[in-house]
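Novice: pasting the structure only:
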């Protein structure tokens, strides 16, 4: 049996404590599978005295993660602190420069500095892996980077923020308003300290940018992600989308188009009967599409101690077994900078309009759409008592630009009483 | 860039031709991702002159796969011939003995000789990988072996024979009898030359035995798989299961119990709303459950040129990148022989009975169940005009042994007019 693989773990929150537990409680199983022991040399966290439900006295304590990352008795630096900059970045850089392998769950760090860190890892012969950063326990980074390596990837989609999916599911099945569902998620501790990371789509956007880099061999480009949160989704939209056979999800979509890389994280409609449409609550789902394999759907827990620690341990076991994969599936120097295409591919759209209740209002809307080249697939006007007539339209495939032109023209007719809602329908 | 990785491909059916196409058409993409070129040195198949839709003249031709497997200019022997013995086994052994890596899609070969071949690979420092052997394009071998390596695996389930799922789906949605749906699948070319491989559950059983070996660190034990095909599933069962909220699937289940390894491939009921219950047509699904990660569901095409070639190429790319994993996730010498437990864990069962239409018949059934310790969860007797009264029962959790005792006792009462149907309900 080879020498033990010695970990240094920085960050002892839920995930860090979970990793320590697995290493302690499954040492025989892990050693059998890896052909060597997995040990912990040292740990670091902000508060030394906090009870984390796991004994830590056998490990050296470091107050400074940079010191931890560069200890002689650490082979792999496990970064579970979080944050796109500050100590996480400093310690990761220090570890890589010292030739240590790094395993991280930090999507923000990689979304902002992935290219530089991947280059640094390669320059120092180190491995930088991040399965736990995307979709929690679902081994999607491995599936995309390795399992589907013989495919040209045609599209990657994902529901990758469990909190958002929980809020949308509760609005649907509990009849809650957005504000009520948000408060419920908050009370359950599902929200990040800055909730905008969740409901603004930023966290999920970080993850999407990492998947896109692997899928298309491009440099991570989080700034190129078209981001829209779920804050404007109303219960009316959810109900009326359901009436047309759709569910609303905060859906990430990335594909390479003739005009550049499309990365979009926004509320979208998906068919209610599709795997994405059937996804309930806090569960995550990633859909990988390749020209050879067709569609692969992966579903599992996107957060939590066990699932996230499982993903970290998957990376640890790879390193222990000598499976040293590159960060984004090819040499970092070969990753291409890319143009950004803002959802340029035509798609069907869902429109919710509130029209003034006057003869000819609907005709004006239809004319505005027709003149912009947007054709109508389905239309429903609902019974109403208020002065505003609710109208739903599902368009045939069109571009966002054509749709925006139609919406502007509609506004000028004076028949639109409330701000229209336009959501893309993603065909799955 | 490193030296090219040179393949020798034996078997040029659908999958073999698909692999050749990918290597030819995606050479730049593959080289970029692997950091080296992937080339083909030689091919072998039974008939040299057949048109396979892909140019082969650039490759050396071998009539004998053993000769191909041991050529000096072959680094990786790609075995796509099929068959548990004969040329596939001989060539695989020859390749491994010569220190060549082997990639195969051959579930029968590994189900019968997996342990010996894994040992042979290790003794010669070679890699033996088989992603394409299980669930087609779904990268489930990788997910289970590597991604979930930090978990104790608690259960693996799968719908892994698309033909069976197609037949069951057509019975359900088309109202076809088993014989009609079978004939339709046959006409579409979905069946193996020996259809019993499909409908008898053998092919799916092969796959399950490979997953079990990885999940539990045990030697492949196909003989220990409790096998039951779909030939006795009737349209009445499908309809009445649906009426109770279930679907019938040919479901593989493996778990380690206190009494040994349970491996079962049999028609089971699963909740209609679960991912397994919602699976339609020829698609495959594998559910991996770990003590840390919870439930991971993977769904995709289980057969066909593109998906299977994609899985073969995943293994090829691993080898090209220097990711040399062991066959079953740990050293072959450490894989344990295992006791076989024939579905000993208690489960709820679905019973379909046809009773003689006489007063007291149902009481005798209930008594037989009660005396065997089987308690009833739900019962329905259907309206009927024939002399036989159809009765459906869903039991609480019980063992198969207790149920069999109750069924014997029922037979002796003389109230059972037709052979009872008993199917396990798998909780998912």
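Specialist: Here it is on my side, so go on. What you are looking at is a predicted structure, and each value in this text was computed from that prediction instead of being measured.

Novice: low-confidence ranges in the stretch 151-300 of chain A?
Specialist: Applying pLDDT under 70 to the stretch 151-300 of chain A picks out no residues at all.

Novice: where exactly do the helices run in it?
Specialist: A:162-174, A:178-187, A:196-199, A:202-216, A:235-243 (DSSP state H, counting those that start in this stretch).

Novice: what's the most buried one of these?
Specialist: Highest mean neighbour count among the helices of the stretch 151-300 of chain A (mean count of other C-beta atoms under 10 Å in any protein chain shown): helix A:202-216, with a mean of 27. Glycine gets a C-beta too; all of them are placed from N, C-alpha and C.

Novice: tilt between it and helix A:162-174?
Specialist: Angle of helix A:202-216 versus helix A:162-174, following axes from the mean of the first three to the mean of the last three C-alpha atoms, to 10 degrees, is 110 degrees.

Novice: chain center to helix A:202-216: distance?
Specialist: Helix A:202-216 sits 7 Å away from the centroid of its parent chain (C-alpha atoms, centre = their mean, to the nearest Å).

Novice: check whether that helix comes near chain B.
Specialist: No: using C-beta under 8 Å from any C-beta of the partner chain, helix A:202-216 stays clear of chain B, coming no nearer than 9.7 Å.

Novice: packing partners for that helix?
Specialist: Under the contact definition 3 or more C-beta pairs under 8 Å, 6 or more residues apart in numbering or on different chains; DSSP states H and E, helix A:202-216 sits against helix A:107-123, helix A:140-142, strand A:153-159, strand A:246-257, strand A:260-271.

Novice: just send these back as TSV, with mean neighbour count and distance to residue A:20 too.
Specialist: Compiled in TSV, those are given as follows (neighbours: other C-beta atoms under 10 Å in any protein chain shown; distance: least, C-beta to C-beta, whole Å):
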stretch	mean neighbour count	distance to residue A:20
helix A:107-123	21	21
helix A:140-142	28	22
strand A:153-159	23	29
strand A:246-257	23	31
strand A:260-271	24	33
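
Novice: could I get the helices of the stretch 151-300 of chain A in TSV, plus columns for distance to residue B:244?
Specialist: Output for the helices of the stretch 151-300 of chain A, formatted as TSV (distance: least, C-beta to C-beta, whole Å):
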stretch	distance to residue B:244
helix A:162-174	23
helix A:178-187	33
helix A:196-199	39
helix A:202-216	38
helix A:235-243	26
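
Novice: of all the helices and strands packed on helix A:202-216, which lies closest to residue B:394?
Specialist: Of all the helices and strands packed on helix A:202-216, strand A:246-257 sits nearest to residue B:394, with 30.3 Å by C-beta to C-beta.

Novice: strand partners (parallel or antiparallel) of that closest one?
Specialist: strand A:153-159 (antiparallel), strand A:260-271 (antiparallel) (DSSP bridges).

Novice: residue A:128 is nearest to which of those?
Specialist: strand A:153-159 (20.6 Å).

Novice: distance between the closest one and the chain's centre?
Specialist: 11 Å.

Novice: contacts for that strand, please.
Specialist: A:135, A:140, A:144, A:165, A:204, A:207-208, A:211-212, A:215-216, A:249-256, A:276, A:279, A:283-291, A:426, A:428 (C-beta atoms under 8 Å, 6 or more residues apart in numbering or on different chains).

Novice: now do the contacts for residue A:120.
Specialist: By C-beta under 8 Å, 6+ apart, residue A:120 lies in contact with A:93, A:96, A:97, A:126.

Novice: swap in residue A:345?
Specialist: By C-beta under 8 Å, 6+ apart, residue A:345 lies in contact with A:255, A:257, A:262, A:399.

Novice: among the residues you listed, which one lies nearest to chain B?
Specialist: Chain B lies nearest to residue A:255 out of the contacts of residue A:345, by C-beta to the nearest C-beta, at 15.9 Å.

Novice: pretty sure the closest one sits against residue A:262.
Specialist: Yes: counting by C-beta atoms under 8 Å, residue A:255 does reach residue A:262; the two are 5.3 Å apart.

Novice: tell me the domain boundaries of chain A?
Specialist: Residue ranges for the domains of chain A, per automatic domain parsing: A:5-133, A:140-301, A:349-425.

Novice: check what pLDDT residue A:342 gets.
Specialist: Note on residue A:342: pLDDT of 68.

Novice: and residue A:191, how close does it get to chain B?
Specialist: For residue A:191, the distance to chain B equals 21 Å [C-beta to the nearest C-beta, to the nearest Å].

Novice: list the contacts of that residue.
Specialist: A:163, A:182, A:185, A:198, A:199.

Novice: which of the contacts of residue A:120 come close to chain B?
Specialist: For chain B, no contacts are drawn from the contacts of residue A:120 by C-beta under 8 Å from any C-beta.

Novice: most remote residue from chain A's center?
Specialist: Relative to the C-alpha centroid of chain A, counting by C-alpha atoms, centre = their mean, residue A:359 is the outermost residue, at 45.5 Å.

Novice: could you check which helix or strand contains it?
Specialist: Using DSSP states H and E, residue A:359 is not contained in any helix or strand.

Novice: burial measure for the residue lying closest to residue A:2 once chain neighbours are set aside, as a count.
Specialist: Sequence neighbours aside, residue A:36 is the residue nearest to residue A:2 in space, at 4.2 Å (criterion: C-beta to C-beta, 6 or more residues apart in numbering or on different chains). Neighbour count for residue A:36, taken as other C-beta atoms under 10 Å in any protein chain shown: 17.

Novice: hang on, residue A:36 packs against residue A:5?
Specialist: Yes: taking contacts as C-beta under 8 Å, residue A:36 lies within contact range of residue A:5: 6.0 Å.

Novice: which residues touch stretch A:87-102?
Specialist: Contact with stretch A:87-102 is made by A:8, A:10-11, A:65-66, A:68-70, A:74-79, A:81-83, A:104, A:106, A:109, A:113, A:117, A:120-121, A:124-129, A:319, A:324, as judged by C-beta under 8 Å, 6+ apart.

Novice: from those residues, which land in strands?
Specialist: Members of the contacts of stretch A:87-102 lying in strands (criterion: DSSP state E): A:8, A:10, A:76, A:77, A:78, A:79, A:104, A:128, A:129.

Novice: return the members of those residues classed as buried.
Specialist: Neighbour counting by 16 or more other C-beta atoms under 10 Å in any protein chain shown classes A:8, A:10, A:76, A:77, A:78, A:79, A:104, A:128, A:129 among these as buried.

Novice: excluding chain neighbours, what is closest to the second one?
Specialist: Among residues not flanking residue A:10 along the chain, residue A:65 sits closest, at 4.0 Å (C-beta to C-beta, 6+ apart).

Novice: show me what contacts that neighbour?
Specialist: Counting by C-beta under 8 Å, 6+ apart, residue A:65 has contacts A:10, A:11, A:44, A:79, A:81, A:87, A:88, A:90, A:91.
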